[in-house]
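1. attaching a predicted model along with its sequence, questions to come.
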Amino acid sequence: MDEETRTHKFLLQLILLMAFFYMGSLLVKAQIVGRPIETTISFPKDLNTPTTDFSLQSLGNKKFKLLLEKPNNQLTDVKIYDILGNLILHDRLSPEDGKQKNYDFTHLNSKIFVVEVGNAKYNKTKSIYANPQGNMEKSAALEE
């Protein structure tokens, strides 16, 4: 019986060893994945789309106008920040809005605004000092 127990232990160890090697060979085969070699590089056709430019025009006393260079063909995000970087307004311009839009921030303390205009393809940022018209010239004349 002692010899029979040893034989059973040996057979069990042999079966476990064979199972271990078999599983290892499956793992190696699973990692060998055939794939085609890439020989060309392709880019999206609209990658080099020119950005739409815009300008900002002060209307005085914390008011300004956003002027697009040309009408936008898709939704355009407009984010306006104060000088500290706080988001004041997140607006969307649709093609129906045309080339310009006025903004009024007389209820805020800030006179300097950072305007970010863009969409999924482009993004451009400009700043404006929306002071009352004529104040800058008067203060410069007083210094002389």
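-> Ah, there it is.

2. look up how far residue 8 lies from residue 20.
-> Distance, residue 20 to residue 8, by Cβ to Cβ, to the nearest Å: 19 Å. Using the backbone N, CA and C atoms, a C-beta is placed for each residue, glycine as well.

3. average pLDDT across stretch 117-134?
-> Stretch 117-134 shows a mean pLDDT of 79.

4. now it: buried residues?
-> Using 16 or more other Cβ atoms under 10 Å as the test for burial, stretch 117-134 gives 117, 118, 128, 130.

5. so which of those are in strands?
-> 117, 118, 128 (DSSP state E).

6. could you pull up the residues touching the last one?
-> By Cβ atoms under 8 Å, 6 or more residues apart in numbering, residue 128 lies in contact with 56, 58, 64, 112, 113, 115.

7. go again with 7 Å.
-> By Cβ atoms under 7 Å, 6 or more residues apart in numbering, residue 128 lies in contact with 56, 58, 64, 113, 115.

8. the first one now?
-> For residue 117, the contact set (Cβ under 7 Å, 6+ apart) comprises 54, 76, 78, 124.

9. list just the nearest of these to residue 100.
-> Of all the contacts of residue 117, residue 100 sits closest to residue 54, with 9.4 Å by Cβ to Cβ.

10. gap between that closest one and residue 42?
-> Distance from residue 54 to residue 42, counting by Cβ to Cβ: 32 Å.

11. still on that earlier bit, ok, the contacts of residue 128 vs residue 37, which is closest?
-> For those, the residue nearest residue 37 by Cβ to Cβ is residue 115; the value is 47.3 Å.

12. my guess is the closest one meets residue 56, correct?
-> Yes - if you go by Cβ atoms under 7 Å, residue 115 and residue 56 touch, sitting 6.0 Å apart.

13. neighbour count for the two, which is higher?
-> residue 115 (21 against 17; other Cβ atoms under 10 Å).
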